[in-house]
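Student: Predicted model and sequence below, questions to follow.
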Amino acid sequence: MSYGVASALQSAVYQRLAASSELALLVGAAIYDTVPAGVIPATYVSLGPEDVRDRSDQTGAGALHFVTVSVVTDEAGFQTAKDVAAVVSDALVDAELILARGRLIYMRFDRATARRVGVGETRRIDIRFRARVEDS
């Protein structure tokens, strides 16, 4: 197994989302690896946790990354969150990401969970993707 591609994959996912003009219309530049302290935008996208499994074979090291991207909003209802989540999904599913290390074999949708957070009006959608990578 190799976890060596994890950083390159995260960077490529972030760059893909940051370059999306459609996503920029919905959240501006509010795409975070770590949500900043202070005033937080009403709607933002955050790179979340990942789970990684070995997918090495006789040809070399590889891994299957389960990458979570979250959409968080304090807008009423789920419509805003779902609109943003759809754009995130469209940007990443079957994306041809160029990695600084290794190679992306595929990026596919795995699952999504939409829920209210706490007792307030915050809505959150966690979208999980499967990314198969080879290390070079």
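Tutor: In hand now; what should we look at?
Student: C-alpha only now, for contacts and for neighbours.
Tutor: OK.
Student: report the longest strand in the protein, please.
Tutor: The strand spanning the most residues in the chain, taking DSSP state E as the definition, is strand 103-116.
Student: Give the pairing partners of that strand; include direction for each.
Tutor: Looking at strand 103-116 with DSSP bridges, its partner strands are strand 123-134 (antiparallel).
Student: mind saving the C-alpha coords of the strand it pairs with as PDB?
Tutor: What follows is strand 123-134 as a C-alpha-only set of coordinates in PDB (Å, rounded to 0.1, in the frame of the first residue of the first chain):
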ATOM      1  CA  ARG A 123     -27.600  22.100   6.800                       C
ATOM      2  CA  ARG A 124     -24.700  19.800   5.800                       C
ATOM      3  CA  ILE A 125     -24.200  17.400   2.900                       C
ATOM      4  CA  ASP A 126     -21.200  15.100   3.100                       C
ATOM      5  CA  ILE A 127     -20.400  13.700  -0.400                       C
ATOM      6  CA  ARG A 128     -18.100  10.800  -0.500                       C
ATOM      7  CA  PHE A 129     -16.100   9.900  -3.600                       C
ATOM      8  CA  ARG A 130     -14.000   6.800  -4.400                       C
ATOM      9  CA  ALA A 131     -10.600   7.700  -6.000                       C
ATOM     10  CA  ARG A 132      -8.400   4.900  -7.200                       C
ATOM     11  CA  VAL A 133      -4.700   5.900  -7.500                       C
ATOM     12  CA  GLU A 134      -1.400   4.400  -8.400                       C
END
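Student: in it, what's buried?
Tutor: Counting neighbours by 16 or more other C-alpha atoms under 10 Å, one finds that the buried residues in strand 123-134 are R123, R124, I125, D126, I127, R128, F129, R130, A131, R132, V133, E134.
Student: what about it, average pLDDT?
Tutor: Averaging pLDDT along strand 123-134 gives 97.
Student: again, but for stretch 100-114
Tutor: Averaged across stretch 100-114, the pLDDT comes to 97.
Student: What are the contacting residues of stretch 15-24?
Tutor: Under the contact criterion C-alpha atoms under 8 Å, 6 or more residues apart in numbering, stretch 15-24 has outside partners A29, I31, V84, V87, V88, A91, L92, L97.
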